[in-house]
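# can't give you the sequence, but here's the structure:
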């Protein structure tokens, strides 16, 4: 048997020898049975095995869903595994050729993508397969680190890059995703992803064979050696396996932006220090690229310049699942919000009508629709929450400066306010939680959090995200409480031992007697918008996690 067809997917067996290579074990039999009966998503909900999350979760697609693939292009996926990315690639380009060692994994891939008529899976070792076609894109997602196991030669890692370069069209792109051996999580007690031991990469794998990841500089050196002059690094957070945000050197995270403390997906860990504090210092000192947990590297002539991507599919319900992508064309930047589901398209289309901030001291960034995408002008400047980082270790000054921000930008005029009336729309979103005699803005952006407010060099403040604007009355105190609560959460690692949350909220001018109602409003809003997140259990600390500090 040289070929087999499952649905529309073709499996090519001419180079297949045996299925004795890398595997996640018997759980793959469970995955195959679920794929055959179209129950992979049910399995994801019911089974908390790491391999199930890794192979089934749609979050996997975030690593390249944002990438501007050419629609009429061809793509070669090396090490396609169980097909977590194959279906996404098939929607992006005209033809996808997969190479995969394992028959079992190839079958899982074929069954889950059986309706796709542009996928071919070639079974066998990459080294043994004769490749005559040239491709527009080649992907190497979580595969390069295993080159030593499957390629002969003095330096199989270089050999793989050289081979793949020969399979590309003249303007083709090689896309590599791999862990960073100097990633921050490894310094802070996470097991090395491949060896299962602590500090394997930091010890340069002197006690391990058959696998190797690399630092930023090591990757650059190898790319230069094989003749890749044009390349670009992207930094997936938390890592490339289950990312929700993609950064670049043009748009790196700021202090307070990354809060992955106690969030580890695949294994227990020993915490040597707070992730949050050292992440802030690394971002402040311009060292994030060195300590990023993973890399995505684009090799070849560079396309439209995407500098940032963020996804909400982890927590939001389908009608609200959107992505945010910042791109650069020529010298101009622009922000695009796109629907991640069919149901979310309505949410995208209504954003154009929601450009009011309701406050005279805060401007709304301009928006327009472009082929179903909401495009917002890019505002240069500094987010208001990051202006407070310098005061993080002086609580009195921090509170003083935070209060100044709220008094300067969050004080509406009498003309901007109306009386609160609990409408049906209000009750649908916030329930029966009401505050009598509350005042409201005529149009309310409930997401006026300080990370959405950007201060320009001219001293103007713009709201850069107008996704949650409503035209029915909402108590304005809730908007301020929400902004202050989010600010405290972002800086809580510095404040919590010196100033309790509610004391901070009072200190910046909020009335304590309303906090309970605001909390109920927030809970009801979240229940309406957020998914009951079955993935959340993977973000909780394992019972075997230990802290070596207080």
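Nice, thanks for sending it over. This structure is a prediction, so every number in the text was calculated from the model and none was measured.

# Would you mind listing the buried residues in the helix or strand containing residue 406?
Under the assignment given by DSSP states H and E, the secondary-structure element containing residue 406 is helix 395-409. For helix 395-409, the buried set under the neighbour-count rule, 16 or more other CB atoms under 10 Å, comprises 395, 398, 399, 402, 405, 406, 409. Where you see a C-beta, it was placed from the backbone N, CA and C, and this is true even at glycine.

# pLDDT and distance to residue 505 added to these, as a markdown table?
Conversion of these to a markdown table gives the following (pLDDT from 0 to 100; distance: CB to CB, whole Å):
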| residue | pLDDT | distance to residue 505 |
| --- | --- | --- |
| 395 | 97 | 14 |
| 398 | 98 | 13 |
| 399 | 98 | 10 |
| 402 | 98 | 10 |
| 405 | 97 | 14 |
| 406 | 96 | 10 |
| 409 | 95 | 17 |
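
# Residue 120 is in contact with residue 10, isn't it?
Yes. Using CB atoms under 8 Å as the test, residue 120 is close enough to residue 10 to be in contact (4.7 Å).

# so where's the stretch 351-500 of the chain uncertain?
When the per-residue scores of the stretch 351-500 of the chain are filtered using pLDDT under 70, the ranges that remain are 354-356.

# what's near enough to touch residue 384?
For residue 384, the residues meeting the contact criterion (CB atoms under 8 Å, 6 or more residues apart in numbering) are 405, 409, 450, 451, 453, 454, 455, 461.

# Same check on residue 476?
Contacts of residue 476 were listed using CB under 8 Å, 6+ apart, and they are 412, 417, 438, 439, 440, 441, 444.

# how many neighbours does the closest residue to the fourth one other than its chain neighbours have?
By that I understand residue 439. Taking CB to CB, 6 or more residues apart in numbering as the measure, residue 439 lies nearest to residue 417, with 4.6 Å between them; neighbours along the chain are not counted. Residue 417: 16 surrounding residues under other CB atoms under 10 Å.

# residues contacting residue 417?
By CB under 8 Å, 6+ apart, the residues touching residue 417 are 439, 440, 441, 442, 476.

# The second one and residue 474 touch, don't they?
Spelled out, that is residue 440. Yes. Under the contact definition of CB under 8 Å, residue 440 touches residue 474, with a separation of 5.7 Å.

# where do the helices sit along the stretch 351-500 of the chain?
Per DSSP state H, counting those that start in this stretch, the stretch 351-500 of the chain carries helices over the ranges 395-409, 424-430, 476-495.

# I misspoke; the intended subject was the stretch 151-300 of the chain.
Going by DSSP H, counting those that start in this stretch, the stretch 151-300 of the chain shows helices at 156-166, 184-187, 216-225, 275-284, 288-291.

# tilt between the fourth one and helix 476-495?
The directions of helix 275-284 and helix 476-495 differ by 90 degrees, with axes from the mean of the first three to the mean of the last three CA atoms, to 10 degrees as the criterion.

# now the strands for the stretch 301-450 of the chain?
Secondary structure of the stretch 301-450 of the chain, counting by DSSP state E, counting those that start in this stretch: strands at 305-311, 322-329, 332-339, 363-364, 367-370, 373-377, 382-383, 417-419, 439-441, 444-445.
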